[in-house]
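K.L.:
Sharing a sequence plus its predicted fold:
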Amino acid sequence: MELRQLRYFLSVLEHGSLGRAAVELGVGASALSQQLSKLESEVCTRLLTRSSTGVSPTAAGLAFEYHARLALRQAEHAVLAAQSGRMSGYVSVGLAPTTASVLGLTLIDKMRERYPDIRLHLVEMLSGYLVNQLNARHLDLAVLFQAEAGPRLDVRPLLTERLFALIPAALVRPEWGESLTLQQIATLPLVMPSTQHGLRATLRAIFERAGLEANIVMEVDGLSLLMDCVCAGHAATLQPGATVARAHQAGLRVYAIDDAQAQRRNVMVSLADDELSPAALATRIVLQEVARALVEQGRWPGARLL
């Protein structure tokens with residue numbers, strides 16, 4: 001069995017077509033088909049079903065896919081390890097936009113200081129998409145907001161974050177104090193991320209426990225544009241402490257939320273240890289250390305270590 005056969009097999013699965021995979025790989029369709037047939041002969045079972053509409057995996061093919069991805073990943077790590085005597089390699093880390101705003105740069109700085117030969121790839125996207133990327137083995141680890149994850153993923157508690165109400169001046173009422181109740185917040189128009197975002201799920205659970213419903217008038221999945229909408233006076237928003245500094249700079253009023261449940265839980269999720277390279281294992285430790293330092297130094301507003 002050759003590594004290129006594994007690459008060919010995975011490319012065909014990703015494209016659902018021998019022709020499209022052949023173009024992507026830069027090989028002839030007949031040569032690709034021959035290599036796949038050799039692979040099936042070696043494992044003594046049919047891995048792919050070919051039809052007029054494309055190619056799909058058999059049950060055996062689905063089981064083989066996981067191990068094929070793992071074998072290629074470990075082969076890449078072996079090459080990188082052989083090329084340098086120092087800790088080196090490649091690691092991909094997923095962060096939600098609010099988390100990236102407080103954690104991202106500090107993580108980069110610490111990794112460059114401690115492991116300059118590790119190539120760090122940071123991916124910023126909605127937490128729901130990060131789960132999919134982890135399950136597809138496109139990420140080594142990520143910071144998520146709920147413990148639900150796919151099989152063979154390692155989940156470790158990290159911290160909790162208090163949520164704050166960020167409100168433009170036009171929506172501020174003179175009778176308000178330093179904090180707002182959920183009943184007061186329920187009367188405000190809110191702009192929030194869509195339901196694929198972990199923060200939205202947290203918000204829904206908080207309001208449901210109080211028997212209330214949030215008045216969400218707009219959905220924006222990009223943090224920068226969402227904050228622009230709030231600054232323009234279109235609506236208020238609820239965000240974790242990572243956005244508080246940005247809110248003050250923009251002239252928004254920041255209110256604590258008078259509810260002990262108005263917080264979200266952060267967990268660090270990674271592939272299982274036997275799937276992680278030494279570089280990824282080292283990065284997981286550094287990420288945890290960086291998060292702890294930010295909280296202890298008061299640089300992560302509203303955060304508390306678990």
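P.N.:
Nice, I can see it. Residues are numbered from 1 along each chain as shown.
K.L.:
which regions of the stretch 101-250 of the chain sit below the pLDDT cut-off?
P.N.:
The stretch 101-250 of the chain contains residues with pLDDT under 70 at 147-150.
K.L.:
Spatially central residue in the protein, please.
P.N.:
Compute the mean C-alpha point of the chain, and by CA atoms, centre = their mean the closest residue is Leu130, 3.0 Å away.
K.L.:
Verify the contact between it and Ala96 for me.
P.N.:
Yes. At 6.9 Å, Leu130 counts as touching Ala96 under the criterion of CB atoms under 8 Å. Where you see a C-beta, it was placed from the backbone N, CA and C, and this is true even at glycine.
K.L.:
which residues do the two both contact?
P.N.:
Taking CB atoms under 8 Å, 6 or more residues apart in numbering as the contact rule, the neighbours common to Leu130 and Ala96 are Leu144.
K.L.:
ok, which stretches of the stretch 151-300 of the chain are strands?
P.N.:
153-167, 179-180, 190-192, 216-219, 237-240, 253-257, 263-271 (DSSP state E, counting those that start in this stretch).
K.L.:
any idea which of those strands is most buried?
P.N.:
Neighbour counts (mean count of other CB atoms under 10 Å) averaged over each of these peak at strand 237-240, with a mean of 27.
K.L.:
Could the C-alpha coordinates of that one be exported in CSV?
P.N.:
The C-alpha coordinates for strand 237-240 follow below in CSV (Å, rounded to 0.1, in the frame of the first residue of the first chain):
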residue,chain,number,x,y,z
THR,A,237,-25.7,43.0,21.5
LEU,A,238,-24.6,40.6,24.1
GLN,A,239,-21.0,39.6,24.0
PRO,A,240,-18.3,38.1,26.2
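K.L.:
How far does it sit from its chain's centre?
P.N.:
19 Å (CA atoms, centre = their mean, to the nearest Å).
K.L.:
Other residues contacting stretch 286-301?
P.N.:
Contacts to stretch 286-301, defined as CB under 8 Å, 6+ apart, come from residues 93, 102-103, 106-107, 110-111, 114-115, 141, 143, 156, 158-159, 161-162, 241-242, 244-245, 266, 268, 303-305.
K.L.:
Give me the subset of the residues you listed that lies in helices.
P.N.:
Counting by DSSP state H, the contacts of stretch 286-301 place 106-107, 110-111, 114, 244-245 in helices.
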